[in-house]
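[1] What follows is a predicted structure for the sequence shown.
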Amino acid sequence: MVEIIIAAGIKVIFVLAAVLTGCAYATYMERKVVGHLQHRIGPSYAGPYGLLQPIADAVKLMFKEDIVPDKVERATFALAPLVSFIPALLTFAVVPFGKDNTVFGYDVKMVLSDLNIGILFVFAITSLGVYGIVLAGWSSGSKYSLMGGIRSSAQMISYEVSYGLSIIGVLLIANTLSLRELVEQQASDSIWFFSNWFIFKQPLGCLLYVTCAIAETNRLPFDLPEAESELVAGYHTEYSSMRFAMFFIGEYANMIAVSAVGATLFCGGWQGPFVNEIPFIGIFWLALKVFVFMFVYIWLRGTLPRFRYDQLMNFGWKVLLPLALLNTMVTGLFVVMGWF
Amino acid sequence: MNEVLKAVGNIFLKMPKGFVVTFKHLFKKPITLDYPRKKNPMTARYRGKHYLERYDDGTERCVCCGLCAAACPADAIYMEPEENEKGERRAKMYEINLLRCIFCGFCEEACPEEAIFLGQVYEFSEDNRNSFIVGKDDMLVPHPRKDNPLKRIYRRVRRVYGVTDKSK
(Lines give C-alpha, C1' and ligand atoms only; values in the text may rest on other atoms or scores of the structure.)
Protein backbone atom coordinates (compact mmCIF):
# COMPACT_ATOMS: atom_id res chain seq x y z
CA MET A 1 0.00 0.00 0.00
CA VAL A 2 2.76 2.39 1.00
CA GLU A 3 4.64 1.49 -2.14
CA ILE A 4 1.66 2.38 -4.30
CA ILE A 5 1.33 5.75 -2.62
CA ILE A 6 5.03 6.48 -3.01
CA ALA A 7 4.99 5.43 -6.66
CA ALA A 8 1.93 7.58 -7.32
CA GLY A 9 3.54 10.48 -5.47
CA ILE A 10 6.68 10.27 -7.57
CA LYS A 11 4.62 10.20 -10.75
CA VAL A 12 2.52 13.15 -9.61
CA ILE A 13 5.61 15.20 -8.81
CA PHE A 14 7.18 14.27 -12.10
CA VAL A 15 4.10 15.17 -14.14
CA LEU A 16 3.46 18.37 -12.19
CA ALA A 17 7.05 19.51 -12.60
CA ALA A 18 6.99 18.68 -16.29
CA VAL A 19 3.71 20.49 -16.88
CA LEU A 20 4.65 23.61 -14.93
CA THR A 21 8.04 23.82 -16.62
CA GLY A 22 6.25 23.25 -19.90
CA CYS A 23 3.90 26.14 -19.10
CA ALA A 24 6.81 28.42 -18.30
CA TYR A 25 8.59 27.57 -21.50
CA ALA A 26 5.38 27.70 -23.50
CA THR A 27 5.30 31.41 -22.68
CA TYR A 28 8.90 31.70 -23.84
CA MET A 29 8.15 29.77 -27.01
CA GLU A 30 5.11 31.86 -27.71
CA ARG A 31 7.01 35.11 -27.34
CA LYS A 32 9.86 33.87 -29.48
CA VAL A 33 7.70 32.41 -32.26
CA VAL A 34 5.27 35.30 -32.42
CA GLY A 35 8.25 37.63 -32.33
CA HIS A 36 9.87 35.99 -35.30
CA LEU A 37 6.55 35.86 -37.13
CA GLN A 38 6.51 39.62 -36.80
CA HIS A 39 10.20 40.08 -37.63
CA ARG A 40 11.06 40.76 -34.01
CA ILE A 41 13.51 38.81 -31.90
CA GLY A 42 11.51 38.14 -28.75
CA PRO A 43 13.06 37.87 -25.29
CA SER A 44 16.85 37.78 -25.54
CA TYR A 45 18.27 39.24 -22.35
CA ALA A 46 17.84 36.77 -19.50
CA GLY A 47 20.36 34.04 -20.17
CA PRO A 48 21.49 32.77 -23.55
CA TYR A 49 18.80 33.47 -26.15
CA GLY A 50 16.61 34.69 -23.29
CA LEU A 51 16.17 31.15 -22.06
CA LEU A 52 15.91 32.23 -18.43
CA GLN A 53 13.12 34.69 -19.20
CA PRO A 54 10.34 32.47 -17.75
CA ILE A 55 12.24 32.26 -14.47
CA ALA A 56 12.67 36.02 -14.39
CA ASP A 57 8.95 36.42 -15.09
CA ALA A 58 8.04 34.00 -12.32
CA VAL A 59 10.25 35.80 -9.81
CA LYS A 60 8.81 39.14 -10.85
CA LEU A 61 5.23 37.94 -10.47
CA MET A 62 5.96 36.47 -7.06
CA PHE A 63 7.36 39.72 -5.72
CA LYS A 64 4.63 41.92 -7.12
CA GLU A 65 2.13 43.53 -4.81
CA ASP A 66 -1.11 41.62 -4.57
CA ILE A 67 -3.69 44.32 -5.14
CA VAL A 68 -7.27 43.60 -4.17
CA PRO A 69 -9.55 46.40 -5.32
CA ASP A 70 -12.15 47.85 -2.99
CA LYS A 71 -15.33 46.67 -4.66
CA VAL A 72 -14.52 43.00 -5.22
CA GLU A 73 -16.34 40.06 -3.71
CA ARG A 74 -13.37 38.93 -1.68
CA ALA A 75 -14.10 35.24 -1.28
CA THR A 76 -14.99 34.70 -4.92
CA PHE A 77 -12.16 36.92 -6.05
CA ALA A 78 -9.71 34.70 -4.20
CA LEU A 79 -11.38 31.51 -5.38
CA ALA A 80 -11.57 32.29 -9.10
CA PRO A 81 -7.87 31.91 -9.99
CA LEU A 82 -7.80 28.54 -8.27
CA VAL A 83 -10.89 27.41 -10.13
CA SER A 84 -9.27 28.14 -13.46
CA PHE A 85 -5.82 26.89 -12.43
CA ILE A 86 -6.54 23.52 -10.85
CA PRO A 87 -8.78 21.96 -13.55
CA ALA A 88 -6.11 22.78 -16.08
CA LEU A 89 -3.64 20.66 -14.14
CA LEU A 90 -6.14 17.90 -13.33
CA THR A 91 -6.44 16.97 -16.99
CA PHE A 92 -2.97 15.49 -16.94
CA ALA A 93 -4.11 12.87 -14.44
CA VAL A 94 -5.49 10.68 -17.20
CA VAL A 95 -3.14 11.40 -20.10
CA PRO A 96 -0.87 8.39 -20.67
CA PHE A 97 2.70 9.32 -21.41
CA GLY A 98 4.48 6.08 -22.14
CA LYS A 99 4.51 2.34 -22.36
CA ASP A 100 4.20 0.53 -19.04
CA ASN A 101 7.65 -0.16 -17.65
CA THR A 102 9.24 -2.21 -14.96
CA VAL A 103 11.35 -0.03 -12.69
CA PHE A 104 13.24 -1.65 -9.77
CA GLY A 105 10.99 -4.67 -10.01
CA TYR A 106 7.77 -2.71 -9.85
CA ASP A 107 5.34 -2.46 -12.72
CA VAL A 108 4.93 1.23 -13.36
CA LYS A 109 1.95 2.39 -15.35
CA MET A 110 2.96 5.48 -17.28
CA VAL A 111 -0.24 7.26 -16.47
CA LEU A 112 -1.30 8.83 -13.21
CA SER A 113 -4.75 7.32 -13.21
CA ASP A 114 -5.90 4.78 -15.77
CA LEU A 115 -9.56 5.75 -15.77
CA ASN A 116 -11.79 3.68 -18.02
CA ILE A 117 -13.79 6.85 -18.71
CA GLY A 118 -10.66 8.97 -19.18
CA ILE A 119 -11.85 11.08 -22.06
CA LEU A 120 -15.12 11.89 -20.29
CA PHE A 121 -13.09 13.00 -17.28
CA VAL A 122 -10.98 15.26 -19.50
CA PHE A 123 -14.01 16.91 -21.02
CA ALA A 124 -15.75 17.31 -17.69
CA ILE A 125 -12.68 18.89 -16.11
CA THR A 126 -11.70 21.22 -18.94
CA SER A 127 -15.24 22.59 -18.99
CA LEU A 128 -14.88 23.56 -15.34
CA GLY A 129 -12.14 26.04 -16.18
CA VAL A 130 -14.64 28.52 -17.56
CA TYR A 131 -16.19 28.91 -14.10
CA GLY A 132 -12.98 30.46 -12.92
CA ILE A 133 -13.20 33.02 -15.68
CA VAL A 134 -16.88 33.76 -15.10
CA LEU A 135 -16.40 34.07 -11.34
CA ALA A 136 -13.35 36.28 -11.81
CA GLY A 137 -15.30 38.51 -14.16
CA TRP A 138 -18.24 38.77 -11.85
CA SER A 139 -16.39 39.20 -8.56
CA SER A 140 -13.96 41.84 -9.80
CA GLY A 141 -16.59 44.57 -9.72
CA SER A 142 -15.29 46.02 -12.96
CA LYS A 143 -17.12 46.43 -16.23
CA TYR A 144 -14.25 45.05 -18.28
CA SER A 145 -13.98 41.96 -16.15
CA LEU A 146 -17.72 41.42 -16.27
CA MET A 147 -17.79 41.72 -20.05
CA GLY A 148 -14.94 39.23 -20.26
CA GLY A 149 -16.74 36.78 -18.01
CA ILE A 150 -19.99 37.05 -19.96
CA ARG A 151 -18.21 36.59 -23.24
CA SER A 152 -16.40 33.58 -21.89
CA SER A 153 -19.62 31.86 -20.86
CA ALA A 154 -21.33 32.68 -24.14
CA GLN A 155 -18.31 31.41 -26.02
CA MET A 156 -18.24 28.24 -24.02
CA ILE A 157 -21.90 27.48 -24.70
CA SER A 158 -21.37 27.85 -28.43
CA TYR A 159 -18.25 25.71 -28.52
CA GLU A 160 -18.72 23.03 -25.93
CA VAL A 161 -21.24 21.13 -28.04
CA SER A 162 -19.01 20.99 -31.09
CA TYR A 163 -16.04 20.26 -28.84
CA GLY A 164 -17.76 17.20 -27.46
CA LEU A 165 -19.06 16.09 -30.85
CA SER A 166 -15.68 16.47 -32.52
CA ILE A 167 -14.26 13.48 -30.67
CA ILE A 168 -17.34 11.26 -30.96
CA GLY A 169 -15.99 9.99 -34.26
CA VAL A 170 -12.80 8.75 -32.63
CA LEU A 171 -14.70 7.15 -29.82
CA LEU A 172 -17.01 5.41 -32.28
CA ILE A 173 -14.06 3.94 -34.13
CA ALA A 174 -12.09 3.02 -31.03
CA ASN A 175 -15.09 1.80 -29.08
CA THR A 176 -13.52 2.84 -25.80
CA LEU A 177 -13.34 5.85 -23.49
CA SER A 178 -10.03 4.94 -21.91
CA LEU A 179 -7.16 7.07 -23.13
CA ARG A 180 -4.73 4.21 -22.59
CA GLU A 181 -6.68 1.92 -24.91
CA LEU A 182 -7.10 4.74 -27.41
CA VAL A 183 -3.33 5.05 -27.60
CA GLU A 184 -2.81 1.30 -27.83
CA GLN A 185 -5.22 1.08 -30.76
CA GLN A 186 -3.06 3.56 -32.66
CA ALA A 187 0.06 1.44 -32.35
CA SER A 188 1.69 0.18 -35.51
CA ASP A 189 4.72 -2.06 -35.98
CA SER A 190 5.29 -1.18 -39.62
CA ILE A 191 7.76 1.40 -40.85
CA TRP A 192 4.78 3.72 -41.33
CA PHE A 193 4.48 4.15 -37.61
CA PHE A 194 1.76 6.75 -38.01
CA SER A 195 -0.46 4.62 -40.25
CA ASN A 196 -2.94 3.84 -37.49
CA TRP A 197 -3.30 7.34 -36.12
CA PHE A 198 -6.90 8.42 -35.90
CA ILE A 199 -6.12 11.69 -37.66
CA PHE A 200 -6.20 9.81 -40.96
CA LYS A 201 -9.59 8.31 -40.21
CA GLN A 202 -10.88 11.53 -38.66
CA PRO A 203 -9.26 14.50 -40.41
CA LEU A 204 -12.36 16.66 -40.01
CA GLY A 205 -12.73 15.55 -36.41
CA CYS A 206 -9.15 16.61 -35.71
CA LEU A 207 -9.67 19.99 -37.34
CA LEU A 208 -12.85 20.55 -35.35
CA TYR A 209 -11.13 19.43 -32.17
CA VAL A 210 -8.26 21.87 -32.65
CA THR A 211 -10.62 24.74 -33.48
CA CYS A 212 -12.85 24.10 -30.50
CA ALA A 213 -9.86 23.55 -28.25
CA ILE A 214 -8.60 27.00 -29.12
CA ALA A 215 -11.98 28.46 -28.25
CA GLU A 216 -12.05 26.37 -25.10
CA THR A 217 -8.72 27.71 -23.90
CA ASN A 218 -9.59 31.30 -24.86
CA ARG A 219 -6.69 31.67 -27.21
CA LEU A 220 -6.43 33.87 -30.25
CA PRO A 221 -8.35 34.12 -32.55
CA PHE A 222 -11.05 33.31 -29.97
CA ASP A 223 -9.63 35.25 -27.03
CA LEU A 224 -12.73 37.39 -26.62
CA PRO A 225 -12.80 37.07 -22.80
CA GLU A 226 -9.50 38.91 -22.54
CA ALA A 227 -9.55 40.91 -25.79
CA GLU A 228 -6.95 43.44 -24.74
CA SER A 229 -7.86 45.97 -27.40
CA GLU A 230 -11.47 46.09 -26.22
CA LEU A 231 -11.57 44.99 -22.59
CA VAL A 232 -8.19 46.06 -21.19
CA ALA A 233 -7.41 42.52 -20.03
CA GLY A 234 -10.90 41.08 -19.74
CA TYR A 235 -11.61 38.84 -16.78
CA HIS A 236 -8.20 39.32 -15.15
CA THR A 237 -8.12 43.11 -15.40
CA GLU A 238 -8.25 43.53 -11.63
CA TYR A 239 -5.85 40.74 -10.82
CA SER A 240 -2.20 41.14 -10.03
CA SER A 241 0.74 39.22 -8.66
CA MET A 242 0.36 35.47 -8.16
CA ARG A 243 -3.39 35.56 -8.62
CA PHE A 244 -2.84 36.81 -12.12
CA ALA A 245 -0.03 34.29 -12.52
CA MET A 246 -2.49 31.51 -11.70
CA PHE A 247 -4.76 32.58 -14.54
CA PHE A 248 -1.74 32.82 -16.77
CA ILE A 249 -0.33 29.42 -15.87
CA GLY A 250 -3.84 28.00 -16.03
CA GLU A 251 -4.24 29.23 -19.58
CA TYR A 252 -0.96 27.70 -20.68
CA ALA A 253 -1.55 24.50 -18.75
CA ASN A 254 -4.90 24.30 -20.50
CA MET A 255 -3.20 24.74 -23.85
CA ILE A 256 -0.75 21.97 -23.07
CA ALA A 257 -3.59 19.82 -21.76
CA VAL A 258 -5.75 20.10 -24.86
CA SER A 259 -2.62 19.60 -26.97
CA ALA A 260 -1.77 16.45 -25.05
CA VAL A 261 -5.33 15.17 -25.31
CA GLY A 262 -5.43 16.06 -29.00
CA ALA A 263 -2.16 14.24 -29.55
CA THR A 264 -3.50 11.26 -27.65
CA LEU A 265 -6.76 11.15 -29.55
CA PHE A 266 -5.58 11.87 -33.05
CA CYS A 267 -1.81 11.46 -33.28
CA GLY A 268 -1.10 8.31 -31.38
CA GLY A 269 -0.21 9.79 -28.00
CA TRP A 270 3.10 8.34 -26.89
CA GLN A 271 3.27 5.95 -29.84
CA GLY A 272 6.19 6.39 -32.15
CA PRO A 273 9.27 4.62 -33.46
CA PHE A 274 11.22 2.46 -30.98
CA VAL A 275 8.61 2.61 -28.19
CA ASN A 276 9.05 -1.11 -27.62
CA GLU A 277 12.85 -1.04 -27.66
CA ILE A 278 13.76 2.03 -25.62
CA PRO A 279 12.04 2.55 -22.27
CA PHE A 280 10.52 5.95 -21.49
CA ILE A 281 10.84 7.16 -25.08
CA GLY A 282 7.07 7.53 -25.15
CA ILE A 283 7.48 10.64 -23.03
CA PHE A 284 9.61 12.15 -25.74
CA TRP A 285 7.14 11.33 -28.51
CA LEU A 286 4.24 12.76 -26.54
CA ALA A 287 6.25 15.89 -25.75
CA LEU A 288 7.15 16.26 -29.42
CA LYS A 289 3.52 15.99 -30.48
CA VAL A 290 2.43 18.45 -27.82
CA PHE A 291 5.16 20.76 -29.06
CA VAL A 292 3.80 20.57 -32.61
CA PHE A 293 0.28 21.27 -31.37
CA MET A 294 1.54 24.22 -29.36
CA PHE A 295 3.36 25.53 -32.36
CA VAL A 296 0.14 25.39 -34.37
CA TYR A 297 -1.56 27.32 -31.57
CA ILE A 298 1.03 30.04 -31.68
CA TRP A 299 1.12 30.04 -35.44
CA LEU A 300 -2.64 30.57 -35.44
CA ARG A 301 -2.19 33.44 -33.06
CA GLY A 302 0.29 35.04 -35.40
CA THR A 303 -1.92 34.56 -38.43
CA LEU A 304 -5.55 35.20 -37.62
CA PRO A 305 -7.09 38.35 -36.19
CA ARG A 306 -9.58 38.16 -33.35
CA PHE A 307 -13.12 37.15 -34.23
CA ARG A 308 -15.90 39.61 -33.60
CA TYR A 309 -18.48 38.54 -31.08
CA ASP A 310 -21.24 37.83 -33.60
CA GLN A 311 -18.80 36.16 -35.98
CA LEU A 312 -17.82 33.87 -33.17
CA MET A 313 -21.43 32.94 -32.47
CA ASN A 314 -22.14 32.39 -36.14
CA PHE A 315 -19.03 30.30 -36.52
CA GLY A 316 -19.80 28.19 -33.48
CA TRP A 317 -23.42 27.45 -34.23
CA LYS A 318 -23.67 27.62 -38.00
CA VAL A 319 -20.35 26.14 -39.08
CA LEU A 320 -18.75 24.05 -36.37
CA LEU A 321 -21.88 22.39 -35.04
CA PRO A 322 -23.21 21.25 -38.47
CA LEU A 323 -19.74 20.03 -39.42
CA ALA A 324 -19.38 18.16 -36.15
CA LEU A 325 -22.81 16.55 -36.60
CA LEU A 326 -21.97 15.64 -40.18
CA ASN A 327 -18.68 14.13 -39.09
CA THR A 328 -20.40 12.13 -36.38
CA MET A 329 -23.08 10.84 -38.76
CA VAL A 330 -20.66 9.88 -41.50
CA THR A 331 -18.35 8.15 -39.04
CA GLY A 332 -21.31 6.36 -37.53
CA LEU A 333 -22.34 5.17 -40.97
CA PHE A 334 -18.81 3.94 -41.67
CA VAL A 335 -18.64 2.11 -38.35
CA VAL A 336 -22.06 0.49 -38.81
CA MET A 337 -21.17 -0.65 -42.31
CA GLY A 338 -17.85 -1.95 -41.02
CA TRP A 339 -15.73 0.16 -43.38
CA PHE A 340 -13.18 1.11 -40.72
CA MET B 1 -26.72 26.55 -45.59
CA ASN B 2 -25.13 28.94 -48.03
CA GLU B 3 -23.36 30.67 -45.19
CA VAL B 4 -22.01 27.40 -43.87
CA LEU B 5 -20.65 26.40 -47.27
CA LYS B 6 -19.05 29.80 -47.71
CA ALA B 7 -17.39 29.65 -44.31
CA VAL B 8 -16.18 26.10 -44.90
CA GLY B 9 -14.87 27.13 -48.30
CA ASN B 10 -12.99 30.01 -46.71
CA ILE B 11 -11.48 27.72 -44.12
CA PHE B 12 -10.16 25.23 -46.63
CA LEU B 13 -9.30 27.51 -49.54
CA LYS B 14 -8.36 30.91 -48.15
CA MET B 15 -7.02 30.31 -44.66
CA PRO B 16 -4.12 28.06 -45.73
CA LYS B 17 -2.79 30.94 -47.82
CA GLY B 18 -2.55 33.10 -44.72
CA PHE B 19 -0.77 30.35 -42.85
CA VAL B 20 1.74 29.95 -45.64
CA VAL B 21 2.44 33.68 -45.57
CA THR B 22 3.06 33.79 -41.84
CA PHE B 23 5.15 30.62 -41.96
CA LYS B 24 7.41 32.18 -44.58
CA HIS B 25 7.86 35.23 -42.40
CA LEU B 26 8.96 33.01 -39.53
CA PHE B 27 12.29 32.42 -41.25
CA LYS B 28 13.00 35.94 -42.37
CA LYS B 29 15.69 37.94 -40.64
CA PRO B 30 14.22 39.99 -37.80
CA ILE B 31 14.20 43.71 -38.38
CA THR B 32 14.63 44.43 -34.69
CA LEU B 33 18.16 45.38 -33.72
CA ASP B 34 19.41 43.91 -30.46
CA TYR B 35 20.09 47.53 -29.58
CA PRO B 36 22.40 48.11 -26.66
CA ARG B 37 24.44 45.06 -27.62
CA LYS B 38 24.44 45.67 -31.35
CA LYS B 39 24.34 49.09 -32.88
CA ASN B 40 23.64 50.31 -36.34
CA PRO B 41 26.68 52.07 -37.81
CA MET B 42 25.98 55.75 -38.32
CA THR B 43 26.55 57.20 -41.74
CA ALA B 44 29.67 59.31 -42.26
CA ARG B 45 27.51 62.39 -42.53
CA TYR B 46 25.64 61.77 -39.30
CA ARG B 47 25.57 64.79 -37.01
CA GLY B 48 25.87 63.64 -33.42
CA LYS B 49 27.61 65.01 -30.35
CA HIS B 50 30.31 67.58 -31.08
CA TYR B 51 34.00 67.02 -30.66
CA LEU B 52 36.96 69.40 -30.84
CA GLU B 53 39.92 68.40 -32.97
CA ARG B 54 43.65 68.83 -32.25
CA TYR B 55 46.69 69.30 -34.43
CA ASP B 56 48.97 66.33 -34.79
CA ASP B 57 51.28 67.70 -32.09
CA GLY B 58 48.40 67.86 -29.65
CA THR B 59 47.67 71.59 -29.60
CA GLU B 60 44.04 72.51 -29.86
CA ARG B 61 42.80 73.65 -33.21
CA CYS B 62 40.18 75.94 -31.72
CA VAL B 63 41.34 79.56 -31.44
CA CYS B 64 38.14 80.76 -29.85
CA CYS B 65 37.26 83.09 -32.71
CA GLY B 66 33.58 82.89 -32.00
CA LEU B 67 32.44 82.23 -35.56
CA CYS B 68 30.74 79.04 -34.56
CA ALA B 69 28.85 80.87 -31.82
CA ALA B 70 27.88 83.52 -34.37
CA ALA B 71 26.73 80.92 -36.84
CA CYS B 72 24.78 78.96 -34.29
CA PRO B 73 21.05 79.50 -34.92
CA ALA B 74 20.17 78.08 -31.53
CA ASP B 75 22.67 80.22 -29.62
CA ALA B 76 23.98 77.12 -27.94
CA ILE B 77 27.71 77.92 -27.90
CA TYR B 78 29.48 80.03 -25.33
CA MET B 79 33.25 80.59 -25.17
CA GLU B 80 35.93 82.61 -23.40
CA PRO B 81 39.46 83.02 -24.85
CA GLU B 82 42.91 82.82 -23.25
CA GLU B 83 46.51 82.42 -24.38
CA ASN B 84 48.57 79.29 -24.11
CA GLU B 85 52.24 79.13 -23.06
CA LYS B 86 53.39 79.94 -26.61
CA GLY B 87 51.20 83.02 -26.65
CA GLU B 88 48.65 81.55 -29.02
CA ARG B 89 44.95 82.11 -28.65
CA ARG B 90 42.87 79.24 -27.46
CA ALA B 91 39.62 78.66 -25.62
CA LYS B 92 39.64 78.96 -21.86
CA MET B 93 36.03 77.95 -21.81
CA TYR B 94 34.11 76.35 -24.60
CA GLU B 95 30.61 75.24 -23.74
CA ILE B 96 27.84 73.80 -25.87
CA ASN B 97 24.36 73.42 -24.48
CA LEU B 98 23.23 70.16 -26.04
CA LEU B 99 19.65 70.86 -25.05
CA ARG B 100 19.64 74.03 -27.17
CA CYS B 101 21.69 72.57 -29.98
CA ILE B 102 19.70 71.52 -33.02
CA PHE B 103 22.60 69.61 -34.59
CA CYS B 104 22.43 71.61 -37.80
CA GLY B 105 26.20 71.51 -38.32
CA PHE B 106 26.56 75.25 -39.01
CA CYS B 107 29.34 75.50 -36.40
CA GLU B 108 31.25 72.86 -38.28
CA GLU B 109 30.85 74.77 -41.52
CA ALA B 110 31.68 78.15 -39.97
CA CYS B 111 34.87 76.99 -38.25
CA PRO B 112 37.92 78.38 -40.10
CA GLU B 113 40.33 76.18 -38.13
CA GLU B 114 38.51 72.88 -38.72
CA ALA B 115 38.33 72.48 -34.99
CA ILE B 116 34.74 71.58 -34.25
CA PHE B 117 32.94 68.66 -35.79
CA LEU B 118 29.71 66.86 -35.18
CA GLY B 119 30.57 63.24 -34.43
CA GLN B 120 28.86 59.90 -34.60
CA VAL B 121 27.91 59.69 -30.92
CA TYR B 122 24.18 59.80 -30.32
CA GLU B 123 23.98 58.24 -26.86
CA PHE B 124 24.43 61.14 -24.49
CA SER B 125 21.42 61.08 -22.25
CA GLU B 126 21.81 62.47 -18.76
CA ASP B 127 19.63 62.60 -15.69
CA ASN B 128 19.87 66.34 -15.06
CA ARG B 129 19.84 69.40 -17.24
CA ASN B 130 23.19 70.77 -16.13
CA SER B 131 25.01 67.74 -17.46
CA PHE B 132 23.89 68.64 -20.95
CA ILE B 133 26.12 71.71 -20.92
CA VAL B 134 29.32 70.09 -22.12
CA GLY B 135 32.67 71.84 -21.77
CA LYS B 136 35.99 71.64 -23.52
CA ASP B 137 37.09 68.68 -21.43
CA ASP B 138 34.17 66.62 -22.65
CA MET B 139 34.62 67.47 -26.31
CA LEU B 140 38.36 67.61 -26.96
CA VAL B 141 39.57 64.44 -28.61
CA PRO B 142 42.28 62.65 -26.63
CA HIS B 143 45.84 62.95 -27.79
CA PRO B 144 47.11 60.82 -29.40
CA ARG B 145 43.89 59.49 -30.89
CA LYS B 146 43.29 55.80 -31.28
CA ASP B 147 41.93 55.91 -34.81
CA ASN B 148 43.49 57.89 -37.59
CA PRO B 149 42.20 61.42 -37.04
CA LEU B 150 43.29 62.74 -40.39
CA LYS B 151 41.07 60.35 -42.23
CA ARG B 152 38.08 61.65 -40.38
CA ILE B 153 39.12 65.23 -40.90
CA TYR B 154 39.61 64.78 -44.62
CA ARG B 155 36.19 63.26 -44.87
CA ARG B 156 34.66 66.13 -42.95
CA VAL B 157 36.55 68.71 -44.88
CA ARG B 158 35.57 67.29 -48.21
CA ARG B 159 32.00 67.45 -47.12
CA VAL B 160 32.11 70.95 -45.72
CA TYR B 161 34.37 72.73 -48.17
CA GLY B 162 34.69 70.44 -51.10
CA VAL B 163 38.50 70.88 -50.84
CA THR B 164 41.33 69.07 -49.10
CA ASP B 165 42.74 69.94 -45.70
CA LYS B 166 44.43 73.34 -45.52
CA SER B 167 47.04 72.14 -43.06
CA LYS B 168 48.57 69.80 -45.62
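    Perfect, thanks for sending it.
[2] burial count for the residue of the stretch 101-250 of chain A found nearest chain B?
    Relative to chain B, the nearest point of the stretch 101-250 of chain A is residue A:207 (8.1 Å; Cβ to the nearest Cβ). Bear in mind the C-beta positions are built from the backbone N, C-alpha and C, glycine included. Using other Cβ atoms under 10 Å in any protein chain shown, residue A:207 has 18 neighbouring residues.
[3] ok, and what's touching the one helix or strand it maps to?
    Residue A:207 is part of helix A:203-216 when elements are defined by DSSP states H and E. With Cβ atoms under 8 Å, 6 or more residues apart in numbering or on different chains as the test, helix A:203-216 has contacts from A:126-127, A:129, A:155-156, A:158-160, A:162-163, A:165-170, A:198-199, A:220-222, A:254, A:258-259, A:262, A:265-266, A:293, A:296-297, A:300, A:312, A:316, A:320, A:323-324, A:326-327, A:331.
[4] one step back: look up how far residue A:147 lies from the residue of the stretch 101-250 of chain A closest to chain B.
    30 Å (Cβ to Cβ, to the nearest Å).
[5] Tell me the pLDDT of the closest residue in space to residue A:40 that isn't next to it in sequence.
    Once flanking residues are discounted, residue A:40 sits nearest to residue B:32: 4.7 Å by Cβ to Cβ, 6 or more residues apart in numbering or on different chains. Looking at residue B:32, its pLDDT stands at 85.
[6] show me what contacts residue B:32?
    A:35, A:39-41.
[7] does it count as helix, strand or coil?
    coil (DSSP: H, G, I helix; E, B strand; the rest coil).
[8] Any residues of chain B in contact with chain A? List them.
    B:3-4, B:7-8, B:11, B:15, B:18-19, B:21-23, B:25-32, B:34 (Cβ under 8 Å from any Cβ of the partner chain).
[9] any chance you could map the strands in the chain?
    No chain was given, so I picked chain A. A:101-103, A:106-108 (DSSP state E).
[10] Chain B was what I was after
    Under DSSP E, chain B gives strands at B:50-52, B:77-83, B:89-97, B:116-118, B:133-134.
[11] Let's have these in TSV, adding mean pLDDT and mean neighbour count.
    What follows is these, written out as TSV (pLDDT from 0 to 100; neighbours: other Cβ atoms under 10 Å in any protein chain shown):
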stretch	mean pLDDT	mean neighbour count
strand B:50-52	86	21
strand B:77-83	89	14
strand B:89-97	89	18
strand B:116-118	85	23
strand B:133-134	89	18
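[12] Which among the ones you listed is found nearest to residue A:181?
    strand B:116-118 (76.1 Å; Cβ to Cβ).
[13] which other residues reach that closest one?
    Here strand B:116-118 makes contact (Cβ under 8 Å, 6+ apart) with B:46-53, B:62, B:68, B:103, B:105, B:107-108, B:139, B:152-153, B:156.
[14] Just put the strands of chain A in a markdown table and tack on distance to chain B.
    Output for these, formatted as a markdown table (distance: least, Cβ to the nearest Cβ, whole Å):
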| stretch | distance to chain B |
| --- | --- |
| strand A:101-103 | 37 |
| strand A:106-108 | 39 |
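[15] Output the ones you listed in TSV; the columns should cover distance to residue A:134, mean neighbour count and mean pLDDT.
    Listed next are the strands of chain A as TSV, based on distance: least, Cβ to Cβ, whole Å; neighbours: other Cβ atoms under 10 Å in any protein chain shown; pLDDT from 0 to 100:
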stretch	distance to residue A:134	mean neighbour count	mean pLDDT
strand A:101-103	42	11	71
strand A:106-108	39	12	71
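[16] any weak-confidence spans in chain B?
    Within chain B, the stretches with pLDDT under 70 are B:1, B:144-168.
[17] mind giving me the domain split of it?
    B:1-31, B:50-152 (automatic domain parsing).
[18] most neighbours per residue, which of these?
    Of all the domains of chain B, domain B:50-152 has the most neighbours on average by mean count of other Cβ atoms under 10 Å in any protein chain shown, namely a mean of 15.
[19] Now find how far off-centre that domain is within its chain.
    13 Å (Cα atoms, centre = their mean, to the nearest Å).
[20] just the helices in chain B please.
    B:2-9, B:15-26, B:67-71, B:106-110, B:136-139, B:149-161 (DSSP state H).
[21] Pipe those into a markdown table and attach distance to residue A:275 per row.
    Listed next are those as a markdown table, based on distance: least, Cβ to Cβ, whole Å:
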| stretch | distance to residue A:275 |
| --- | --- |
| helix B:2-9 | 37 |
| helix B:15-26 | 30 |
| helix B:67-71 | 79 |
| helix B:106-110 | 73 |
| helix B:136-139 | 69 |
| helix B:149-161 | 67 |
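[22] list the contacts for the most centrally placed residue in chain B?
    Note on chain B: the residue nearest the mean C-alpha position is residue B:48, at 1.9 Å, using Cα atoms, centre = their mean. Residue B:48 makes contact with B:42, B:103, B:118-122 under the criterion Cβ under 8 Å, 6+ apart.
[23] Appreciated, that's everything.
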